[in-house]
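Participant: Only the shape, not the letters, is given here:
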């Protein structure tokens, strides 16, 4: 089971995702997307929460409102973190999550600790948590199938873009070749370099003139 929440409307159309337990968390780790940002209460057990950013956006594009929604949700879904104030929540891009064979189910590390950010949550804000819970939708998705479908669509899009790029390059080459041909033709047609039949006739000696020269 995976839970889907909607962030506050004023920050834009963003979906926040949370696994039911460590097994769903494992699937979310495995089949995440480059746009996903992962959240977890620091040094405490908690749910794994993700926000799916829009295409082309990164962790730097998370607004304060969206960050607060994610941090409040992950704090509220931590048995320990929900009971105390001044909790630190860590977050990082999905691609920075590190999973090794020796780790327990749902456990993760980081490829680059410098890419992990921290936000302090002073206390639970029930207004935010309750609003998010009202948007909650439970689904049992095939995360692998969704991941494969998105990747297939992206591969098809890249192929289309590559074909379009090659077509543009071929058109540009043809235009350049044509322009080169025109410049060459114009060079041959310069008046000073042209010779008319009259010029040829006037510059060529007659048979009689040639015979007189010989004599």
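Facilitator: Cool, the structure landed. Note that this is a predicted model, so its numbers are computed, not measured.

Participant: need the contact list for residue 119.
Facilitator: The contact partners of residue 119, taken as C-beta atoms under 8 Å, 6 or more residues apart in numbering, are 67, 71, 88-89, 91. Yep, even glycine has a C-beta here, placed from its N, CA and C like the rest.

Participant: same question, residue 54
Facilitator: Each residue near residue 54 by C-beta under 8 Å, 6+ apart is listed here: 12, 14, 35, 61.

Participant: List the residues that contact the closest residue to the third one other than its chain neighbours.
Facilitator: By the measure of C-beta to C-beta, 6 or more residues apart in numbering, the closest residue to residue 35 outside its immediate chain neighbours is residue 53, 4.3 Å from it. The contact partners of residue 53, taken as C-beta under 8 Å, 6+ apart, are 14, 35-37, 59, 61-62.

Participant: Could you count how many residues lie near residue 74?
Facilitator: Residue 74 is surrounded by 27 other residues when neighbours are defined as other C-beta atoms under 10 Å.

Participant: hang on, it packs against residue 44?
Facilitator: No. Between residue 74 and residue 44 there is no contact, the gap being 10.1 Å when judged by C-beta atoms under 8 Å.

Participant: what sits in contact with each of the two?
Facilitator: Any residue near both residue 74 and residue 44 by C-beta under 8 Å, 6+ apart counts here, and that gives residue 81.

Participant: quick check, distance from the helix or strand hosting residue 183 to the centre of its chain.
Facilitator: When elements are defined using DSSP states H and E, residue 183 is found to belong to helix 143-188. On the basis of C-alpha atoms, centre = their mean, to the nearest Å, the separation between the geometric centre of helix 143-188 and that of its chain is 20 Å.

Participant: Which of the three states applies to the residue most central in space within the chain?
Facilitator: With the centre of the chain defined as its mean C-alpha position, the nearest residue by C-alpha atoms, centre = their mean is residue 56, 4.4 Å away. For residue 56, the reduced secondary structure class is coil; criterion used: DSSP: H, G, I helix; E, B strand; the rest coil.

Participant: so how far is residue 142 from it?
Facilitator: Applying C-beta to C-beta, to the nearest Å, the value for residue 56 to residue 142 is 26 Å.

Participant: per-residue confidence at the residue lying closest to residue 23 once chain neighbours are set aside?
Facilitator: Nearest residue to residue 23, sequence neighbours excluded (C-beta to C-beta, 6+ apart): residue 105, at 6.4 Å. In the predicted model, residue 105 carries a pLDDT score of 82.

Participant: Count the neighbours of residue 105 for me.
Facilitator: Using other C-beta under 10 Å as the criterion, residue 105 is surrounded by 10 other residues.

Participant: what's near enough to touch it?
Facilitator: Counting by C-beta under 8 Å, 6+ apart, residue 105 touches 22-23, 25-26.
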